[in-house]
Every structure is written in structure tokens, then in C-alpha cells.
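**Q** show me the folded form of this:
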Amino acid sequence: MEKVKLFYHATTSAMKPKILSAKALTPQIHKPSSDWMWLLDPKHKDTIPKGVWFCSTLYNGDLPNISPYGKERMKISIKSVISQLGGKISLYHGKDSTVKTNKYVRLMVVKEGDKFDCLKHMEKLDPKDNNWLKFISDTECQVAKRPNWVEVFCPYTIDIKDGDWDTVE
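**A** Here you go, the predicted model:
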């Protein structure tokens, strides 16, 4: 596992102005363009709330320089995200998908005590002891190494005032 301090959200150039205007990552309807991108098996798609996707996986110890989700990337500290969720979270494991040599691991982070219908179809994880994303402090996590790509679904609006933009290929 590798230590990480950031979550990152990749998006398209067309969406960036909307995000900047809102000053937040606003939950969107989960309608992935490919079957492998689903949080859960598609038969449970009606239980999935609107949400925001983050990734936490590093590429050779640094942030990846490509993304299948768009060329614009918002980087935000894990501390900021967890703080916006009230400081206490629950973590759930959804559907994994394998594409070529990559395994995409889908997790969902929710405010402790919040309930969503989709959680009935997910495995609850110990946020401090699991194979994918370990919250070791309020500022730092450990994330599984590639070929695992750990993606985190968050069903809340995330303020981006503490975030930073960059561009990927």
C-alpha cells in the first residue's frame, strides 16, 4: 500500500466551468458510459444516489497523468473531504471490475450513521483496516497499489475552496 493525502476528481473541460461556478463538486446521477464503471451491479442501479467520484490510486508514486474520465482534475486533501463529512465516516465496498490488467475497486464513503438504499448491496469495511483504502489519520490514507485503481463514491456536495486544478493527458 502507498500513503496518499489527496483525492482527485477527473472531469471534462465542459464540466470545469460548472464546477468553478458552483465552487463545489455537486453530486450527479450515476450513469456510467460503460458497464465496468458501475458502483454496483446494474440491477441495483435504482438504489444508487447521486454522487461525486474520486480516485486515490497513485501511478508509480505520483498522481496519474492520464484519465478515462476527462482531462481536467480537481485535487483535494483527504482531510478536507473527511472534515466536510463531519469527521466520522463509514466505508463500503461495491462492485469491482477488471479491464485488461487493471482492477477497478469501487468504494463508497458516507457520513457515519447515514443510510442509503444501495448500502444493502455493499460490504461494510473497517475504514482503518481493509485491503483497499485505510484511513490512518484525518490527513492521510494508505491505498492499494496498481493494478488496483481505488475509486471512491461520495453522495454529498464537496466544497472545492481548498482544492487545486491541473490537467492530465
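**Q** first-to-last residue distance for stretch 125-144?
**A** Stretch 125-144 stretches 14 Å from its first residue to its last (Cα to Cα, to the nearest Å).
**Q** give me the buried positions along that stretch.
**A** Residues of stretch 125-144 classed as buried by neighbour count (16 or more other Cβ atoms under 10 Å): L125, P127, N130, W132, L133, K134, F135, C141, Q142, V143, A144. Glycine gets a C-beta too; all of them are placed from N, C-alpha and C.
**Q** could you find the closest non-adjacent residue to the first one?
**A** For L125, ignoring the flanking residues on the chain, the nearest one in space by Cβ to Cβ, 6 or more residues apart in numbering is L91 at 4.6 Å.
**Q** what sits against F7?
**A** When contacts are counted by Cβ atoms under 8 Å, 6 or more residues apart in numbering, F7 is found next to F54, C55, S56, K75, I76, S77, I78, V81, V152.
**Q** E112 too?
**A** Contacts of E112 (Cβ under 8 Å, 6+ apart): G86, K88, I89, S90.
**Q** from P64, how far off is the nearest residue to Y92 once chain neighbours are set aside?
**A** Closest residue to Y92 apart from its sequence neighbours, by Cβ to Cβ, 6+ apart: M122 at 4.0 Å. Distance of M122 to P64, given as Cβ to Cβ, to the nearest Å: 25 Å.
**Q** hang on, the earlier thing: and the contacts of E112, which are buried?
**A** I89, S90.
**Q** would you list the contacts of E112 in CSV and tack on secondary structure, pLDDT and distance to M1?
**A** Shown next, in CSV, are the contacts of E112 (DSSP: H, G, I helix; E, B strand; the rest coil; pLDDT from 0 to 100; distance: Cβ to Cβ, whole Å):
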residue, secondary structure, pLDDT, distance to M1
G86, coil, 93, 25
K88, coil, 92, 22
I89, strand, 94, 18
S90, strand, 96, 20
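**Q** between the contacts of E112, which sits nearest T157?
**A** T157 has its nearest neighbour among the contacts of E112 in G86, at 13.4 Å by Cβ to Cβ.
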